[in-house]
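> model this:
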Amino acid sequence: EAAKLIPANVRTYAVSGIVGSVLIFWLQKHWDRMDQSSNYVVEQFGREVLNLMPPSALFLTMTDLTTNSLRYLQVCHHHRQDVLVADQNLMSAEWFVDGQNKNFPGVAFPARLYWPSRPDGWTMRMMVDNNFGKFRVFTFAGSKEKSYEEAGYKMIPFGYAEEFARPMDYNNLNPWQLNESMWAETVHMHLPKTPPFVNISLAKYPEGTWEYKALDEYYIAVNRYGLHAFHLMNEWPRSALPACIYTFEQATRDLPNYKCNCSFDYYTVWYKNLGTCYYQSIGKEIGNLQRHRRLLKDSWGEYLRRVDAGYIYIDSGVQQDQTSMARILDMPPFKYDPALDHLEQGEVYVEVEQPLDIDPEDEDRVYSEEEMLEYHRRMQEEQPDDDLPPGFH
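As a prediction, this is how the structure comes out:
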């Protein structure tokens, strides 16, 4: 009865006001999370991937994030249209070759579709064999099968992708073979740089979002580089160790500096890997040894701090790490002494008034220890990098 005393139009306005107030409340409460007006992460990711591709590359992609972001940039922004992007899942469709062949000039599709178990299908080995030497062939997120390994191809990190390459054959050199020492020497040129979206809000873009996945793809690519450089360390220490350090130094700089309770916490192991690179460089006497002693202590210290903070699960392997690191850091070759910060790379700095020229025919000349140290130091600097193969000095 009381409601009937209120005019209908007043009741309407009251209800509208209440509903509007509720909407405004929830809009204000969730505005920061829902506002996407400045969100260019997916576009930025696509540009980062394409910009590292060499001219006229054949890029065999997977995942919606990669394929869609690259095709958007190529079709809508006409960006890097020289890169031929073929999605491996779409190549498995019966209509793909017949309908899309015209968009891939020069590409030789081996059969009707990418489906190894079908009589009219091809394998990745067949696809690479048909196009290797005409294109530099890359893949994103790997390949559905490993048939290419039967032909001796290797997957080598390059940008956000991996390149199909053949190992170097010194008895039969050609421009399409991979020199892994030179790959390590040039890591600074093709390693993905810190992307503009490295500091995205993980509260706003948690696991499961494309923004999170874009950042994760950057971390995956950098991790792939670091592990590959580490793998080359025994064969090419003088080029692979600096590449390993360069990669993991960048990787650790770009990690969140807080515990996110997400998959990124696992990359705490990068501090362990970086420290291991410093440890190897000190043992092999490569690089600035005093600097590496200090950074070895810092890197392993940060790894252990994050372990204690619960970034990763502490199992028997992690417990063994803690014991081994403490023991190594107290050993004389690896122990950091701040008083020695003025020293570099094991070089002995001595005052020599004039450069020393050793005269092997002057048997009566007696050279001081300082003169001999200076002479050998200069001789080492003039030596070519023996880790490089013939033809690359």
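
> State the helix or strand in which Met155 lies.
When elements are assigned from DSSP states H and E, Met155 belongs to strand 154-158.

> Report the next helix or strand after that strand in sequence order.
Tracing the chain past strand 154-158, the next element assigned as helix or strand by DSSP H and E is strand 161-167.

> Adjacent strands (with direction) for that following strand?
strand 137-139 (antiparallel), strand 154-158 (antiparallel), strand 177-178 (parallel) (DSSP bridges).

> got TSV for those strands, with distance to Leu58 and mean pLDDT too?
In this view, the C-beta of every residue, glycine as well, is placed from N, C-alpha and C. As requested, the strands paired with strand 161-167 are exported to TSV (distance: least, Cβ to Cβ, whole Å; pLDDT from 0 to 100):
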stretch	distance to Leu58	mean pLDDT
strand 137-139	5	97
strand 154-158	13	95
strand 177-178	17	82
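
> quick one: which of those strands is nearest Cys260?
strand 154-158 (25.2 Å; Cβ to Cβ).

> got the contact list for that closest one?
Counting by Cβ atoms under 8 Å, 6 or more residues apart in numbering, the neighbours of strand 154-158 from elsewhere in the structure are 52, 138-139, 142-143, 162-167, 178, 180, 183, 190, 221, 224-225, 228.

> Repeat the analysis, applying 6 Å as the threshold.
Where contact means Cβ atoms under 6 Å, 6 or more residues apart in numbering, the residues beyond strand 154-158 that reach it are 162-163, 165, 190, 224-225, 228.

> among those, which one has the lowest pLDDT?
Scanning those for pLDDT, the smallest score is found at Ala165, 93.

> ok, now which ones touch that residue?
Residues 154, 156, 178 are the ones in contact with Ala165 under the rule Cβ under 6 Å, 6+ apart.

> and the last one, what is it in contact with?
In this case it means Leu178. Contacts here follow Cβ under 6 Å, 6+ apart; on that basis Leu178 touches Ala165.

> Skipping adjacent residues, who's closest to Arg136 in space?
The shortest distance from Arg136 to any residue that is not its chain neighbour, by Cβ to Cβ, 6 or more residues apart in numbering, is 5.0 Å, and that residue is Ala57.

> Please name the residues that touch that neighbour.
Residues in contact with Ala57 (Cβ under 6 Å, 6+ apart) are 83, 136, 138.

> Provide the backbone phi and psi angles at it.
Summarising the backbone geometry of Ala57 under the convention degrees, to the nearest 10, its torsions are phi -80, psi 150.

> how near is the residue nearest the centre of the chain to Ile312?
By Cα atoms, centre = their mean, the chain has its centre lying nearest to Val222, at 1.5 Å. According to Cβ to Cβ, to the nearest Å, Val222 and Ile312 sit 18 Å apart.

> since we're on Lys204, how many residues are nearby?
In terms of burial, Lys204 registers 15 neighbours under the definition other Cβ atoms under 10 Å.

> Look at it and tell me its secondary structure.
The local conformation at Lys204, judged by DSSP: H, G, I helix; E, B strand; the rest coil, is coil.

> How much space separates it from Tyr303?
From Lys204 over to Tyr303 (counting by Cβ to Cβ), the distance is 28 Å.

> remind me which residues of this protein are low pLDDT?
Along the chain, the parts satisfying pLDDT under 70 run over 1-11, 14, 25-34, 343-393.

> run the last query once more with 80
Filtered on pLDDT under 80, the chain yields the residue ranges 1-35, 37, 168-176, 342-393.

> What lies in contact with stretch 99-106?
Leu84.

> ok so, going back, just say which of the strands paired with strand 161-167 is most tucked in.
With neighbours taken as mean count of other Cβ atoms under 10 Å, these reach their highest mean count in strand 137-139, at a mean of 24.
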